[in-house]
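**Student:** here is my input; please provide its structure:
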Amino acid sequence: MIARKLMLPLLTVLLAFGKAEAQKAQLSIDGRLVRNGTDTFAASYSGALLGHGITHRSRVGNGDRIQILQVYTWRDTRGSWIIDSLFADERSLLAVRQVRVVPDTVVETRYTPQGVEVMTRLGDGSGQRKSFVAGPVAISSAALEAVVAASPLSPGFEQEYQLFYAPPSPRGLVQIRLRVTGAERVKDRSGADREAWVVSASTPGGGTVFWIDKATRSVLRFDTREGPATIEFRR
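**Tutor:** All right, here's what the predicted structure looks like:
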């Protein structure tokens, strides 16, 4: 009984510390660094083309309620496609609403301080509602590129963030770690040399390495590891 009484205050302190650390990490993000515009890339594995993606970001709303609207479209070489629309707070990149459309299925995710609510609507008109408790801090995994670009990158930078992987992914809430591993000169789409931060992200499945333009904060390229495979994304 005594041990139980001692453990309860300790658990409360640990939970409060975890929440404070998450909020501290959130404050380090400045989504205003994320630029509007359209970005395209090709994904390949061992030289074989897998598909093409397009990401378009814009600002919606006004005053203190400005949000970033990110619309991502992917089409692979077999003709399969995905359209993912994400609304996120401009400053913190906290997700507000996300809609993913694939053939015959629409997955809508709403993010609140109490948790994450998911509605899946199938082609036959049926629906399934789930609720995932994600706590007060939730960034969509679809915003990972934006999180990297909006972080205070510098030599030695290292920070953990919480991301939510919406269905059909089974991962749910995942903690990732970003780390600046160095700086390199890489070529942009026009062939010009750009100074870039090299940032590793410890993501489920293996991790991702980003090359972030120091001047513009645009993502010049990134490589994603899926088990033993590395998928290259080039703009």
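**Student:** name the element the most centrally placed residue in the chain belongs to?
**Tutor:** In the chain, the C-alpha nearest the mean C-alpha coordinate belongs to Leu144, at 2.3 Å (Cα atoms, centre = their mean). Per DSSP states H and E: Leu144 is located in helix 144-150.
**Student:** quick one: strands adjacent to the lengthiest strand in the chain?
**Tutor:** Longest strand in the chain, counting residues (DSSP state E): strand 172-187. Strand 172-187 pairs in its sheet with strand 158-165 (antiparallel), strand 193-201 (antiparallel), by DSSP bridges.
**Student:** state the mean pLDDT of the first one.
**Tutor:** Spelled out, that is strand 158-165. On average, the pLDDT along strand 158-165 is 92.
**Student:** mind listing what's buried in it?
**Tutor:** 159, 161-165 (16 or more other Cβ atoms under 10 Å). Yep, even glycine has a C-beta here, placed from its N, CA and C like the rest.
**Student:** please apply the same query to stretch 105-117.
**Tutor:** Judged by neighbour count using 16+ other Cβ under 10 Å, the buried positions of stretch 105-117 are 107-111, 115-116.
**Student:** need the strands paired with strand 172-187 in CSV (columns: distance to Val186).
**Tutor:** As requested, the strands paired with strand 172-187 are exported to CSV (distance: least, Cβ to Cβ, whole Å):
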stretch, distance to Val186
strand 158-165, 22
strand 193-201, 5
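**Student:** Ser218 and Gln70, how far apart?
**Tutor:** From Ser218 across to Gln70, the span is 14 Å (Cβ to Cβ, to the nearest Å).
**Student:** looking at the two, which one has more neighbours?
**Tutor:** Per other Cβ atoms under 10 Å, whichever of Ser218 and Gln70 has more neighbours is Gln70, with 22 against 18.
**Student:** kindly format the C-alpha coordinates of the longest strand of the chain as CSV.
**Tutor:** The C-alpha coordinates for strand 172-187 follow below in CSV (Å, rounded to 0.1, in the frame of the first residue of the first chain):
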residue,chain,number,x,y,z
GLY,A,172,-1.1,5.5,-34.6
LEU,A,173,0.9,7.9,-32.4
VAL,A,174,4.7,7.5,-33.0
GLN,A,175,7.6,9.5,-31.5
ILE,A,176,10.3,10.4,-34.0
ARG,A,177,13.7,12.0,-33.5
LEU,A,178,15.2,14.6,-35.9
ARG,A,179,18.9,15.2,-35.9
VAL,A,180,21.1,17.4,-38.0
THR,A,181,24.0,15.1,-39.1
GLY,A,182,25.9,17.7,-41.2
ALA,A,183,25.7,20.0,-44.2
GLU,A,184,26.4,19.4,-47.9
ARG,A,185,26.3,21.2,-51.2
VAL,A,186,23.7,19.6,-53.5
LYS,A,187,22.2,20.6,-56.8
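**Student:** run through who's touching it.
**Tutor:** When contacts are defined by Cβ atoms under 8 Å, 6 or more residues apart in numbering, strand 172-187 is touched by residues 132, 134-135, 138, 141, 144, 147-148, 151, 153-165, 193-204, 209, 211, 214, 220-221.
**Student:** equivalent analysis for stretch 33-51, please.
**Tutor:** Residues outside stretch 33-51 that contact it (Cβ under 8 Å, 6+ apart) are 52-59, 68, 74-77, 93, 146, 149-150, 216-219, 221, 229-235.
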